[in-house]
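Visitor: Everything below, folded, please.
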Amino acid sequence: MDDRYKDVKAQNLAYFSRTLEKFVDEHQAVAQSQLSHRKRFEKILELGDFSGHSLLDVGCGLGGFYEFLQERGIKCRYTGVDINPGMIAAARERLPEIKEQFLVRDIIEEKLGLPFDYVISIGPLNLQFADGLNLEISRRLIREMFRLARVGAAISMTSGLTQRPGPGTFYYDPLSLLADTFTYCTNVRFDHSYLPHDFTLFLYKRDLYT
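Guide: This next block holds a predicted model:
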């Protein structure tokens, strides 16, 4: 999948470089509506108590989730990674107090050595890629997020159950992702109740038999 994955990354970089150049608002720069962005942030909080813990934000964009945590008074050891250098440069400029905690990194290709208590990703792969690679890449991403998490990981994704699909967006089959997740994690929660076109997977390291 290496050559095809390079093409997918190039497509992703080009698209979000354009949105970053075109829009000033943080949610528009990452191609999300303000309402959906906020709802996803609120849902991700249900993963656990982030206060005092380390948190990795995969596909962090301009650091919007960090700002959301600050609004809520949630103090954690935040690290944001994104494959787009422009996004990371803009995030560092917007949030200079944590600029060293924003990194250009693809966690699928470049393994992070240090684990984090919590690993989250908010709508990272909703752009429809050529060659139908969305599902394969998402499975790899979720597995790596779970590997890096000491306590748990959560990811929000656009849902194939939506009744109003939009052009250029890939909508995931929740059951297919759940089936793959259960092959390596038995403590999983699924929520499709907060937006009609979105779902979140919560994966926990603690086995329910423990």
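Visitor: Residue nearest the middle of the chain, spatially speaking?
Guide: The structure's the chain has its C-alpha centroid closest to residue 121; by C-alpha atoms, centre = their mean the separation is 1.8 Å.
Visitor: so that residue touches residue 156, yeah?
Guide: Yes - judged on C-beta atoms under 8 Å, residue 121 makes contact with residue 156 at a distance of 7.5 Å. In this view, the C-beta of every residue, glycine as well, is placed from N, C-alpha and C.
Visitor: ok, back up a step: going by secondary structure, the residue nearest to the centre of the chain is in what exactly?
Guide: When secondary structure is defined by DSSP states H and E, residue 121 falls within strand 116-122.
Visitor: what comes up buried for whichever helix or strand comes after that strand?
Guide: Elements were assigned by DSSP H and E; along the chain past strand 116-122, the next helix or strand is helix 134-148. Within helix 134-148, the residues that count as buried by 16 or more other C-beta atoms under 10 Å are 134-135, 137-138, 140-146, 148.
Visitor: tell me which strands and helices helix 134-148 is in contact with?
Guide: Secondary-structure packing of helix 134-148 (3 or more C-beta pairs under 8 Å, 6 or more residues apart in numbering; DSSP states H and E): strand 54-58, strand 116-122, strand 149-158, helix 174-181, strand 198-204.
Visitor: Mind naming the longest helix for the protein?
Guide: The residue-count maximum for a helix in the chain (DSSP state H) belongs to helix 2-22.
Visitor: gap between it and the chain center?
Guide: Going by C-alpha atoms, centre = their mean, to the nearest Å, the spacing between the C-alpha centre of helix 2-22 and its chain's C-alpha centre is 16 Å.
Visitor: List the buried residues of that helix.
Guide: Burial within helix 2-22, assessed by neighbour count using 16+ other C-beta under 10 Å, is assigned to 5, 8-9, 11-12, 16, 19-20.
Visitor: Name the residues that touch the strand or helix carrying residue 79?
Guide: In this structure, residue 79 is located in strand 77-82 according to DSSP H and E. Residues outside strand 77-82 that contact it (C-beta atoms under 8 Å, 6 or more residues apart in numbering): 53-61, 63, 65-66, 69, 88, 91, 98, 101-105, 107, 112, 116.
Visitor: contacting residues for residue 91?
Guide: When contacts are counted by C-beta under 8 Å, 6+ apart, residue 91 touches 60-63, 80, 82, 99, 102.
Visitor: coming back round to it: let's have the buried residues of helix 134-148 in CSV, adding pLDDT.
Guide: Shown next, in CSV, are those (pLDDT from 0 to 100):
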residue, pLDDT
134, 89
135, 90
137, 92
138, 93
140, 94
141, 95
142, 97
143, 97
144, 96
145, 97
146, 97
148, 97
